[in-house]
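*Asks:* mind folding the following:
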Amino acid sequence: MTACAEPGEASFRPACEQGLADGFAALGRAEARGLKGSANWTRAASLLSAARVQKEFGEYENCALKVQSAQSYLRPLTAE
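*Replies:* The predicted structure is shown next:
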């Protein structure tokens, strides 16, 4: 049964990995603009950290979902 679930889970891997890279880059840009510590920055950082843990355990779907949630907090920080 587990073998059946793996291909579906693996399909989320690219979204997870790219989302983490993009998310942490956006977090860094927001930090450089002096926004570190804001509520949105902290929420996004927490979600991205949790997503990274999910990635380490091969839980790519959960990782991608957390990355997607983090993006909603990052958008206001990166809008110029």
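*Asks:* where does this structure have its least confident helix or strand?
*Replies:* Taking mean pLDDT, DSSP states H and E as the measure, the helix or strand of the chain with the lowest value is helix 2-10, at a mean of 62.
*Asks:* distance check, the spatially closest residue to residue 58 that is not a sequence neighbour against residue 54.
*Replies:* Using C-beta to C-beta, 6 or more residues apart in numbering and skipping residues adjacent in sequence, the residue nearest residue 58 is residue 9, 7.0 Å away. (Glycine included, C-beta is placed from N, CA and C.) Using C-beta to C-beta, to the nearest Å, residue 9 is found at 11 Å from residue 54.
*Asks:* which of these two has more neighbours?
*Replies:* Set side by side, residue 9 and residue 54 show more neighbours around residue 54, with 21 against 16, by other C-beta atoms under 10 Å.
*Asks:* element containing the most centrally placed residue in the chain, please.
*Replies:* Centroid-nearest residue in the chain: residue 67, 2.7 Å away (criterion: C-alpha atoms, centre = their mean). Using DSSP states H and E, residue 67 sits in helix 60-78.
*Asks:* elements contacting that helix?
*Replies:* If contacts are counted by 3 or more C-beta pairs under 8 Å, 6 or more residues apart in numbering; DSSP states H and E, helix 60-78 sits against helix 2-10, helix 13-32, helix 39-56.
*Asks:* in the last one, which residues are buried?
*Replies:* This means helix 39-56. Of the residues in helix 39-56, those buried by neighbour count under the rule 16 or more other C-beta atoms under 10 Å are 40, 41, 44, 45, 47, 48, 50, 51, 52, 54, 55.
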